[in-house]
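Engineer: Give me the fold of what follows.
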Amino acid sequence: DYMEHTDSSNTRDRIVTAAIHLYASKGYAETSLREIANEVGIKVSSIYNHFPSKEAILDVIFNEYSTWLRETSPQNEDIDDLIAGANLENGMTKDILYNLMFFTFPETESSRYTKMLKILHYEAINNEKINTFMEYENIESSVVFMRNMFNRLIELGHLQPFNASIVSSLLYSIILAYVT
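Structural biologist: Below you'll find the predicted structure:
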């Protein structure tokens, strides 16, 4: 049960965890505060002791995800270390594809942050702040990182030359479709 590990956590954290689970499985618009309260085992009025609105819960999810992304995203200076950890004896191997996917989405499909990404991906349509973040901080930074990694692999002779920008955009699209 996804709430088990939060039993000792405070109510606010349990509300956010329940909202993440419900928003990811049902959608933000389709999830009511009553459903969140039922998941937590509290009354709807208790949610208002912690959050002024359903959107305020979404803001907490957005802020947590964006902070996590900034703190955990690999940087260009990490590329050589990441390449060194992959088996490149036969050129582009599943190690590099696996590493690229988990550099972009470092946890399993059921993880808290993957669920957050799914929520934010769908809410970007309705929320300008989330849309701007998804476009520039999440998508663009991931594609640029992949492009730089591919170019480094080409430079080191592990890959034949190709248009790394196009391949990175396509690969990110495939990964995003898989995760969301």
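Engineer: Going by C-alpha atoms from here, please, whenever you check contacts or count neighbours.
Structural biologist: Fine.
Engineer: Low-confidence ranges, this structure, go.
Structural biologist: Per-residue confidence for the chain (pLDDT under 70) gives these ranges: 1-9, 87-110, 179-180.
Engineer: need the longest helix for it.
Structural biologist: In the chain, ranked by residue count with DSSP state H as the criterion, the top helix is helix 54-72.
Engineer: That one packs against which elements?
Structural biologist: With contacts defined as 3 or more Cα pairs under 8 Å, 6 or more residues apart in numbering; DSSP states H and E, helix 54-72 has these neighbours: helix 11-26, helix 112-123.
Engineer: can you pull the buried residues of whichever helix or strand comes after that helix?
Structural biologist: Counting by DSSP states H and E, the element after helix 54-72 in chain order, helix or strand, is helix 79-84. When burial is assessed from 16 or more other Cα atoms under 10 Å, helix 79-84 yields the following buried residues: I79, I83.
Engineer: that older thread, want to try TSV for the helices and strands packed on helix 54-72, with distance to H50 as columns?
Structural biologist: Shown next, in TSV, are the helices and strands packed on helix 54-72 (distance: least, Cα to Cα, whole Å):
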stretch	distance to H50
helix 11-26	6
helix 112-123	20
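Engineer: now the ones you listed as TSV including mean neighbour count and distance to I47?
Structural biologist: Putting the helices and strands packed on helix 54-72 into TSV (neighbours: other Cα atoms under 10 Å; distance: least, Cα to Cα, whole Å) gives the following:
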stretch	mean neighbour count	distance to I47
helix 11-26	20	7
helix 112-123	21	20
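Engineer: right, so of those helices, which gets closest to F62?
Structural biologist: Taking Cα to Cα, helix 112-123 is the member of the helices and strands packed on helix 54-72 nearest to F62, at 7.1 Å.
Engineer: which other helices and strands contact the helix or strand just after the closest one?
Structural biologist: Elements were assigned by DSSP H and E; along the chain past helix 112-123, the next helix or strand is helix 128-132. Here helix 128-132 is seen to pack against helix 112-123 when contacts are counted using 3+ Cα pairs under 8 Å, 6+ apart.
Engineer: Roughly how far does the residue nearest the centre of the chain sit from S66?
Structural biologist: Against the mean C-alpha coordinate of the chain, by Cα atoms, centre = their mean, the closest residue is L117 at 3.8 Å. Using Cα to Cα, to the nearest Å, one obtains 10 Å as the distance from L117 to S66.
Engineer: now do R14
Structural biologist: In this structure, R14 lies at 20 Å from S66, with Cα to Cα as the measure.
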